[in-house]
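> here's my sequence, what's the structure:
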Amino acid sequence: MKLLSYKEKAIKGVSWHLLSYIISAPIAYLVRILYANEIPKLDVGLFYAIWDFVNILVVFRAFGLDQALIRYIPKYLAENRLDMLKSSIVFVGIFQTILTFIVALLVVVFSPYIAELYINNQGQFTGRLDLVVNVLIIMVGGYYLLDSIVSFFSCILMGFQLQNYASSTRVVRILSVFAFSLALIYIFNIHNAYVPSVSYTLMAIVMIVIYGYIVFKKIFQKYVKEKLTFSKKFIVDLFSYGVYVMMGYAGSLILGYLDGICLTYFTGLNAVADYRNVAMPTVSILSYFAFSIGTVLFPMSSELWEKGYKKALSYGIEKVFLYSLITIVPLTILMAYFPTIIINVLFNPQYLSAAPALQILSLGALFSTFNAIGFNIINGIGKPNISTKILYIGAIFNLVFNILLIPKFGIIGAAITTVFGYFIMWILQIWFLSRFLEHQFLNKKWILVILIGIFSLIPVVFIKDLVNNPILKLFICGIVYFGIYMLGIIWFKIIDIYEVKDIISNIIKR
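Numbering: from 1, shown residues only. Below you'll find the predicted structure:
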């Protein structure tokens, strides 16, 4: 395949995933706004405390074998080993289903103890433990078990680089949750933690039906006649890669959900509602562009690395980092400057206690963005052991400082810990990527972009008090800020206009 086609392929894939984020992000926010206004804050905190616990269990769902499919499907296709391709999909599907069922069964059996000793540690649901236990069982016995199948289908689609179908899972997922939540609240008049837990479980059923059909018709049907080959080497290869990915994924989950777990245990469920329903989700929007790119770069970097196109890969990564930084800097600065307005507009005043954490986390979005890209590239070039080491350094840092800071500072301590953890991992990623690809990624344009972003805020400081309506204030300040910022980017020639036109033309063609 020519290098030009890789560029077009990357643009097409990123476009699909970015489009899915653009569609799904507003819906996801509507879901969170719905929960904030129709469900008691304590019940919202209960759901996200259980959500964090359930997502930690994902570590034990497949030992990383589902993620290994994203690496090995392109490899087997490049080698034309269709028998190995079919065997890997069948083996991972069976193994993951059995393992997930065992984990779910154990949690259901011990659910009364988990509810009393962990989730209700601060005594906020004393007298209502039956609700805690029931929601936990629904989430583990329903959502966790069924979503493992959804994840399996999604990994297959990404492995075959069918980015249109893979990206659509994001939209179908959140749209289903929103529809079921609306029905439970406004038709069945349910206003407690059962709403999100049941909605996510029903969503998983819908996803299995839709994407099970797509995977069978578009992919598996073509390989039905291929023989199954379960050799020792084949299984060892899958597990060798999968275990590293699992360990890395464990570190990623610890970074993503340990804050909520520590907040649940040390501060209670209202803090969890602030942090998990408002602060973290709002900041996560800033990384959607990076997630879109990273999802595409994982299998593509694997293919480029296998074929020896190291220079092309390095050049592409350099451009990806720069354009990601240009995209994320203005959003980060505006979010850090207007946290209370954002919360008032999107949620309600009872969540204003999340404002300080939102400010701190928005600054960490810069490092989170680069991490989302970097880990996918490192895994794609067959170095999951390096990703694992970096993640565990960040995870250990996160664990230690969460325990030290959260009991005293609550969500502010959790936010500070998360930002510094992101920063440490980013430094390590850049060092390893520079070493493996023999390319220096850091350059003066990065500093210039950040300085332009900061100085573009100066006019906003003077005009923000001229408008009283919060929505109008955000709109006017945003227009002024982005206008000045883009003039600065163009004036200092940070981007190549002709390259941007080429990217846009490739998106339009597809």
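> wait, residue 445 touches residue 323, no?
No: shown here, residue 445 and residue 323 do not form a contact pair, counting by CB atoms under 8 Å, at 10.8 Å. Where C-beta positions appear, they are placed from N, C-alpha and C, glycine not excepted.
> what about the stretch 351-500 of the chain, any weak spots by pLDDT?
497-500 (pLDDT under 70).
> do a quick rundown of the helices in it.
355-380, 384-409, 411-437, 444-455, 458-463, 470-491, 497-509 (DSSP state H, counting those that start in this stretch).
> list the buried residues of stretch 103-111.
Using 16 or more other CB atoms under 10 Å as the test for burial, stretch 103-111 gives 103, 104, 107, 108, 111.
> which residues outside it are in contact with it?
With contacts defined as CB atoms under 8 Å, 6 or more residues apart in numbering, stretch 103-111 is touched by 57, 60, 61, 114, 133, 136, 137, 140, 141, 144, 145.
> go again with 7 Å.
The contact list for stretch 103-111 (CB atoms under 7 Å, 6 or more residues apart in numbering) reads 57, 60, 133, 136, 137, 140, 141, 144, 145.
> what's the answer for stretch 200-214, then?
Under the contact criterion CB under 7 Å, 6+ apart, stretch 200-214 has outside partners 138, 142-143, 146-147, 149-150, 153, 165, 169, 172-173, 176-177, 180.
> the same query, at a cut-off of 8 Å, please.
So stretch 200-214 is contacted by 138-139, 142-143, 146-147, 149-150, 153-154, 157, 165, 169, 172-173, 176-177, 180 (CB under 8 Å, 6+ apart).
> in helices, which of these appear?
146-147, 149-150, 153-154, 157, 165, 169, 172-173, 176-177, 180 (DSSP state H).
> tell me which helix or strand in this protein has the weakest average pLDDT.
helix 497-509 (a mean of 54; mean pLDDT, DSSP states H and E).
> surely residue 281 is in contact with residue 28?
Yes: here residue 281 lies in contact with residue 28, judged by CB under 8 Å, at a distance of 7.1 Å.
> who has more neighbours, the two?
residue 28 (20 against 17; other CB atoms under 10 Å).
> ok, the more buried one - contacts?
174, 281.
> let's see it at 6 Å
residue 174 (CB atoms under 6 Å, 6 or more residues apart in numbering).
> for the one 4 residues further on, same thing?
With contacts defined as CB under 6 Å, 6+ apart, residue 32 is in contact with 277, 281.
> if we can go back for a sec, of the helices of the stretch 351-500 of the chain, which is nearest residue 315?
helix 411-437 (9.8 Å; CB to CB).
> name the residues of the closest one that come out as buried.
So helix 411-437, judged by 16+ other CB under 10 Å, has buried residues 411-426, 428-430, 432-433, 436-437.
> relative orientation of that helix and helix 355-380 in degrees?
20 degrees (axes from the mean of the first three to the mean of the last three CA atoms, to 10 degrees).
> the helix or strand hosting residue 76: what's the following helix or strand?
If you go by DSSP states H and E, residue 76 is part of helix 65-79. Downstream of helix 65-79, the next assigned helix or strand under DSSP H and E is helix 82-109.
> please work out how many residues are found near residue 385.
The tally of other residues near residue 385 (other CB under 10 Å) stands at 17.
> residue 146 too?
21.
> would JSON lines of the buried residues of stretch 103-111 with distance to residue 496 be doable?
Below are the buried residues of stretch 103-111 laid out as JSON lines (distance: CB to CB, whole Å):
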{"residue": "103", "distance to residue 496": "50"}
{"residue": "104", "distance to residue 496": "51"}
{"residue": "107", "distance to residue 496": "52"}
{"residue": "108", "distance to residue 496": "56"}
{"residue": "111", "distance to residue 496": "57"}
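> which of those residues lies closest to residue 372?
Among the buried residues of stretch 103-111, and counting by CB to CB, the member closest to residue 372 is residue 103, at 26.6 Å.
> tell me how far that closest one lies from residue 55.
According to CB to CB, to the nearest Å, residue 103 stands 13 Å off from residue 55.
> for the contacts of stretch 103-111, which two are the farthest from each other?
60 and 133 (21.1 Å).
> so the two - more neighbours on which side?
Applying other CB under 10 Å to residue 60 and residue 133 shows that residue 133 carries more neighbours, namely 20 against 14.
> how about the more buried one: what's its closest non-neighbour residue?
Spatial nearest neighbour of residue 133, chain neighbours left out: residue 115 (4.8 Å); criterion: CB to CB, 6 or more residues apart in numbering.
> check contacts around that neighbour.
129, 132, 133, 136.
> in JSON lines, list those along with pLDDT.
Below are the contacts of residue 115 laid out as JSON lines (pLDDT from 0 to 100):
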{"residue": "129", "pLDDT": "93"}
{"residue": "132", "pLDDT": "96"}
{"residue": "133", "pLDDT": "97"}
{"residue": "136", "pLDDT": "97"}
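> mind giving me the PyMOL select for these, buried ones only?
Applied in PyMOL, the following selects the buried portion of these according to 16+ other CB under 10 Å:
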select buried, resi 132+133+136
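> just curious, which of the contacts of residue 115 is nearest to residue 65?
Distances from residue 65 to those, taken by CB to CB, are shortest for residue 136, at 26.3 Å.
> tell me how far the closest one lies from residue 400.
With CB to CB as the criterion, residue 136 and residue 400 are 28 Å apart.
> and for residue 359?
In terms of CB to CB, residue 359 sits 23 Å off from residue 400.
> pick out whichever of these two has more residues nearby.
Set residue 359 next to residue 400 and count neighbours by other CB under 10 Å: residue 359 wins out with 19 against 11.
> that one reaches residue 339, doesn't it?
Yes: counting by CB atoms under 6 Å, residue 359 does reach residue 339; the two are 4.9 Å apart.
> joint contacts of the two?
Counting by CB under 6 Å, 6+ apart, nothing touches both residue 359 and residue 339.
> now do the same end-to-end measure for stretch 75-84.
10 Å (CA to CA, to the nearest Å).
> how about that stretch: buried residues?
75, 76, 77, 81, 84.
> before we move on, back to that, most packed of the helices of the stretch 351-500 of the chain?
helix 355-380 (a mean of 24; mean count of other CB atoms under 10 Å).
> measure residue 226 to residue 82 for me?
5 Å.
> please disregard the earlier target; I meant residue 61.
27 Å.
> over to residue 187?
48 Å.
> cool, and residue 70?
From residue 70 to residue 82 the distance is 17 Å (CB to CB).
> could you do residue 457 as well?
From residue 457 to residue 82 the distance is 55 Å (CB to CB).
> now do residue 203
Counting by CB to CB - residue 203 and residue 82 are separated by 33 Å.
> then residue 51?
Applying CB to CB to residue 51 and residue 82 gives a distance of 39 Å.
> check residue 122 too.
55 Å.
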